[in-house]
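Student: generate coordinates for the sequence data below:
(chains A and B, ligands or ions: 1)
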Amino acid sequence: MYDIIIIGAGPAGISAAIYAKRAGTNVLVLDNDNSELIKAHKIDNYYGFPEGISGSTLYDNGIQQAKNLEIDLKKEAVLNIKMNENMCYDVKTSDNIYTSDSVIFATGTKKAKPLIKGLNEFEGKGISYCAICDGFFYRKKDVVIIGDGDYALSEASDLVNIVNSITILTNGKEPGFENCNYKVDKRPITSINGDMKVEEIEFSDGSTLKTDGIFIAIGSAGASDFAKKMGIMTNNDNIKVNEHMETNIKGVYACGNITGGLLQVNKAVYEGAVAGLSAANYIKAKRKGA
Amino acid sequence: MEVLKLTTANFEETILKADKTAIVDFYADWCGPCKMQSPIIDKIAKEHDELVVGKLNVDDNGEIAVKYGVMSIPTLLIIKNGEIKKQFVGLTDESDILKEI
Ligand SMILES: Cc1cc2nc3c(=O)[nH]c(=O)nc-3n(C[C@H](O)[C@H](O)[C@H](O)COP(=O)(O)OP(=O)(O)OC[C@H]3O[C@@H](n4cnc5c(N)ncnc54)[C@H](O)[C@@H]3O)c2cc1C
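Tutor: Below you'll find the predicted structure:
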């Protein structure tokens, strides 16, 4: 059991971890090495580096700084988060389930949606982003999951006892998992067709696949995926927060690129600090109340 | 006004034949984001007497959900004179809902 679980070890997540830890809380950081910083060849505009610094060095330095403060940091991808009956959060990763009183999203921005014709048009009309919410509508039906990693398998596990069949469509990608119990089709997808609702998927080779529903679980789960499942308010896939970096759910915070605005390191560091302190204050208030 | 409990039996009378604009919240008890939508709907009902506001449990009233093509929850419908004016899929903020009234 942790006080605070922080998802993401980029500038926002590490900054949140440092402030929360120094405020006397017990923190776990989960990360899957996908920070935007790693892709930034050189950061020239961040305070205190007159010659600039490579993004990947800045990222590694941040992680080292957290380790020096004895912050727990694990390289595991988060697949799912659920509020349990004790009003705590169960955070499921590829390997474990961790529990905490508070969660901070510092997951950065997820890559843009793939360009598949019909993807936006059929949202809510056969396209779903939440297996646990919408599986019910597909009882005994044939569905597909568009995805390529453990997150797709995690969504499949929420559907398998409800639907008739599941096919995983990787849309041209090599699957990130070794083997699985579902049919996997790797062909690139060009469009989703239907009249009032989803009826079929069209592949680049011109052939089609009839389907009753499409669940989207591309790559690893991003904060907007978690938000859709938990009922966190978003705005164009950015998480809505107040000046304390609080979301509409008690004990859940967000910081960095995922809240939108200026997509830069300095803003991620600032928001991380605020989120870390807000979460620590929440934990202290909760301890007093308990 | 109070939020109405909608059913297959009362949907036509309370929503389709209403002389006010209606908001319908399609939900289920097992749906996480629906729990966050619910208080927003309660607040709108309380503060807007000029609207008819109701919640429909899709578990118990599947026919209505099917009729309106609801395949994702929460879904909100704004209905005027028996016709759908707007559909929101997923958790939706009070201000976004009221903008469409
Ligand atoms: C090419 C390039 C150049 C840039 N140049 C500059 C610059 O010069 N100056 C500047 O200020 N900014 C620059 N930026 C932007 C800067 O990198 C970002 O604003 C900053 O990294 C955002 O920090 P963050 O912590 O919000 O997100 P990120 O740094 O993206 O970190 C998010 C972390 O969350 C983890 N994560 C996400 N989902 C999960 C999950 N499901 N489970 C576990 N972990 C997860 C990821 O692995 C990642 O490590 C640049 C970005 C790019 C791509």
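Student: what mean pLDDT does the helix or strand harbouring residue A:63 have?
Tutor: Here residue A:63 sits within helix A:55-68, counting by DSSP states H and E. Across helix A:55-68, the average pLDDT comes to 97.
Student: which strands or helices does that helix pack on?
Tutor: With contacts taken as 3 or more C-beta pairs under 8 Å, 6 or more residues apart in numbering or on different chains; DSSP states H and E, helix A:55-68 sits against helix A:11-22, helix A:36-39, strand A:72-74. Placement of C-beta: from N, CA and C, glycine included.
Student: ok, residue B:86 - contacts?
Tutor: Residues in contact with residue B:86 (C-beta atoms under 8 Å, 6 or more residues apart in numbering or on different chains) are B:77-78, B:100.
Student: switch the cut-off to 7 Å
Tutor: By C-beta atoms under 7 Å, 6 or more residues apart in numbering or on different chains, the residues touching residue B:86 are B:78, B:100.
Student: give me every residue that touches residue 59.
Tutor: With no chain named, the answer covers chain A. Contacts of residue A:59 by C-beta under 7 Å, 6+ apart are A:10, A:35, A:37-38.
Student: ah, no, chain B please
Tutor: By C-beta under 7 Å, 6+ apart, residue B:59 lies in contact with residue B:28.
Student: hmm, the longest helix along chain B touching chain A?
Tutor: In chain B, with assignment by DSSP state H, the single longest helix is helix B:32-47. Yes. Using C-beta under 7 Å from any C-beta of the partner chain, helix B:32-47 reaches chain A at B:32-33, B:35-36.
Student: show me where pLDDT drops low in the chain?
Tutor: All of this is about chain A. Judged by pLDDT under 70, chain A has its weakly predicted residues at A:112, A:290.
Student: try chain B instead
Tutor: For chain B, no stretch has pLDDT under 70.
Student: which bits of chain A sit near the ligand?
Tutor: Residues of chain A lying near the ligand by C-beta under 6 Å from any ligand atom: A:7-13, A:30-37, A:39-40, A:43-46, A:77-78, A:106-108, A:220-222, A:256-257, A:263-266, A:268.
Student: buried residues in the longest helix of chain B?
Tutor: Buried residues in helix B:32-47, counting neighbours by 16 or more other C-beta atoms under 10 Å in any protein chain shown, are found at B:32-38, B:40-41, B:44-45.
Student: quick one, strands of chain B?
Tutor: Ranges of strands in chain B, per DSSP state E, are B:4-6, B:21-27, B:51-57, B:75-80, B:83-89.
Student: okay, now the sheet partners of the third one, with direction.
Tutor: Paired with strand B:51-57 in the same sheet, following DSSP bridges, are strand B:4-6 (parallel), strand B:21-27 (parallel).
Student: give me whichever of the ones you listed is most buried.
Tutor: Greatest average neighbour count among the strands paired with strand B:51-57 goes to strand B:21-27 (a mean of 24), per mean count of other C-beta atoms under 10 Å in any protein chain shown.
Student: CA atoms only: put that strand into PDB for me.
Tutor: What follows is strand B:21-27, C-alpha atoms only, in PDB (Å, rounded to 0.1, in the frame of the first residue of the first chain):
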ATOM      1  CA  THR B  21     -36.700  20.300 -23.600                       C
ATOM      2  CA  ALA B  22     -35.700  17.000 -22.100                       C
ATOM      3  CA  ILE B  23     -32.300  15.600 -21.000                       C
ATOM      4  CA  VAL B  24     -32.000  11.800 -20.700                       C
ATOM      5  CA  ASP B  25     -29.000  10.200 -19.000                       C
ATOM      6  CA  PHE B  26     -28.400   6.600 -20.100                       C
ATOM      7  CA  TYR B  27     -26.500   4.800 -17.300                       C
END
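Student: identify whichever of the strands paired with strand B:51-57 lies nearest to residue A:184.
Tutor: Nearest to residue A:184 among the strands paired with strand B:51-57 is strand B:21-27 (32.9 Å), distances taken as C-beta to C-beta.
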